[in-house]
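# Got a predicted structure plus its sequence, pasted below:
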Amino acid sequence: RDFGGKLRFSGQVSTVRCYENNPLVRKALEEPGMGRVLVVDGGASMRCALLGDMLAESGVKNGWAGIIVNGCIRDSADIAKMALGVKALGTHPLKSSKRDPGLRDVLVAFGGVAIAPGDWVYADADGILVSKEQLTL
């Protein structure tokens, strides 16, 4: 589902694999995004949110094009007002834990698709396309 203020976004991929913990999501979004898309594999957990308005705002300020979460977000009404593409499975009001940071820039796979750091994603209201190389649109 779409939650961000931008329904169409694309960029080179950086990844985080984590389960109900988001320290590496925060760390990634605090870095210069340079138009990239952060792909977060949260194991499809529907028990807490891996992204909220503060982290999304950090992504906007640092130049990220979008965030794709295989899991939940929170603060969706605020995120909908931001100039950021955000796709997630749904929403949940509970914050994630901070115990286990997860893994950064590793291969992630969900929805039958493997996504590697450096791949390119193209997202719009109809879905997400993944490519090993940049496409000219």
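Yes, it's here. Just so it is clear, the model here is predicted, and its values are computed rather than measured. Numbering: from 1, shown residues only.

# Please state the offset of stretch 111-123 from the chain centre?
With CA atoms, centre = their mean, to the nearest Å as the basis, stretch 111-123 stands 11 Å off its chain's centre.

# cool, and stretch 14-25?
Averaging C-alpha positions (CA atoms, centre = their mean) puts stretch 14-25 9 Å from its chain's average.

# Pull the contacting residues for residue 15.
Taking CB atoms under 8 Å, 6 or more residues apart in numbering, we find residue 15 in contact with 38-41, 104-108, 115-117. (C-beta placed from N, C-alpha, C; glycine too.)

# Out of those, flag the one nearest to residue 69.
Ranked by distance to residue 69 (CB to CB), the contacts of residue 15 are led by residue 40 at 4.7 Å.

# After the longest helix anywhere in the chain, which helix or strand is next? Please name it.
Looking across the chain with DSSP state H, the single longest helix is helix 53-61. From helix 53-61 onward toward the C-terminus, using DSSP states H and E, the following helix or strand is strand 66-73.

# next structured bit after that next one?
Once strand 66-73 ends, the next helix or strand along the chain (criterion: DSSP H and E) is helix 76-79.
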